[in-house]
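Colleague: Give the three-dimensional model of this entry:
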Amino acid sequence: MQDHSIVSREEWLKARLALLEREKAFTRERDALSHERQALPWVEVTKDYSFETADGKQTLSDLFGKHGQLVVYHFMYGPDWQAACKSCSFWADNFDGNVAHLAARDVTFVAVSRAPLETLDAFKKRMGWKFDWISSLGSDFNYDFEVSFTEEAREKDEIRYNYRQSTFPADEAPGISVFIKDDDGKIYHTYSTYGRGLDMLNASYHYLDLVPKGRDEDGLPYPMDWVRLKDEYGKN
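Modeller: From the prediction side, this is the model:
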């Protein structure tokens, strides 16, 4: 562990109160940013999308259920993959506890991947998850929301991710997309976020940001190199 200042309780309290002022300013700025996010204009979704679910084939409209808002987590799991992305699984370990609370505020939550439904169901059982995880295999959904990339696009370096021309080491990428449905049944895309924009949705990272060693990722080949599927920690 690195050398660190050791001070009296009084000195610690002075430093803590100074940091508290910065934390309060950050909270106020975050609230203002949230209001700007909620005020973004909407884009009507007119394309017919089809998904394989536990209740059979469903449309995007069907996914809302009885709620007026829909949050979709784009979970990296390609049709030919042997297992789901370990980083997306790190995020998914947070999902089950949120579903009921989101529903209480008129929000339906689902995860979507291009792997076949039976593949998703088997992995979900392995991880002990309960949230709705559906397949968009055969649909343009993930491509249209720029989290799946064709082989041709990757070969030509024509990938768009996080709203810019980009490269990506896989044919699937993570993201979140948000939709709302009006009283007439029209659906609108209101927001999507990718990359580090997903950090705020991972409770474990927020806890790590509180402890002295933080995320402790310096020196790793890439930041989440340490992450494992939750049933693989401690294995060689």
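
Colleague: The longest helix along the chain: which residues count as buried?
Modeller: In the chain, taking DSSP state H as the definition, the longest helix is helix 9-38. Judged by neighbour count (16 or more other Cβ atoms under 10 Å), helix 9-38 contains no buried residues. From N, CA and C alone the C-beta is placed, and that goes for glycine too.

Colleague: Can you give me the buried ones in the worst-scoring helix or strand of the chain on mean pLDDT?
Modeller: Lowest by mean pLDDT, DSSP states H and E among the helices and strands of the chain is helix 151-155, with a mean of 84. Neighbour counts using 16+ other Cβ under 10 Å place no residue of helix 151-155 among the buried ones.

Colleague: would you put the C-alpha positions of it in PDB?
Modeller: C-alpha atoms of helix 151-155 as PDB (Å, rounded to 0.1, in the frame of the first residue of the first chain):
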ATOM      1  CA  GLU A 151     -17.800  -8.000 -40.300                       C
ATOM      2  CA  GLU A 152     -17.800  -5.700 -43.300                       C
ATOM      3  CA  ALA A 153     -18.000  -2.600 -41.200                       C
ATOM      4  CA  ARG A 154     -15.200  -3.700 -39.000                       C
ATOM      5  CA  GLU A 155     -13.000  -4.600 -42.000                       C
END
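
Colleague: Can you pull out the residues in contact with that helix?
Modeller: For helix 151-155, contacts defined as Cβ atoms under 8 Å, 6 or more residues apart in numbering pick out 158, 159, 168, 171.

Colleague: Got a PyMOL select line for the buried ones in those residues?
Modeller: Provided next is the PyMOL selection string for whichever of those are buried by 16+ other Cβ under 10 Å:
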select buried, resi 159+171
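
Colleague: out of the contacts of helix 151-155, who's nearest residue 222?
Modeller: residue 168 (13.0 Å; Cβ to Cβ).

Colleague: so that closest one sits in a helix?
Modeller: No. Under DSSP: H, G, I helix; E, B strand; the rest coil, residue 168 sits outside any helix and is assigned coil.

Colleague: Does it touch residue 159 like I think?
Modeller: Yes. Using Cβ atoms under 8 Å, residue 168 is in contact with residue 159, at 5.6 Å.

Colleague: Need the overlap of contacts for those two.
Modeller: Common neighbours of residue 168 and residue 159 (Cβ under 8 Å, 6+ apart) are residue 149.

Colleague: Mind giving me the packing neighbours of the strand or helix carrying residue 176?
Modeller: Under the criterion of DSSP states H and E, residue 176 resides in strand 175-181. Under the contact criterion of 3 or more Cβ pairs under 8 Å, 6 or more residues apart in numbering; DSSP states H and E, strand 175-181 touches strand 69-74, strand 187-194.

Colleague: Of the ones you listed, give the one that comes closest to residue 204.
Modeller: Proximity to residue 204, assessed across the helices and strands packed on strand 175-181 by Cβ to Cβ, is greatest for strand 69-74 (15.5 Å).

Colleague: now the closest one and strand 175-181, what's the angle there?
Modeller: If you take axes from the mean of the first three to the mean of the last three Cα atoms, to 10 degrees, strand 69-74 sits at 160 degrees to strand 175-181.
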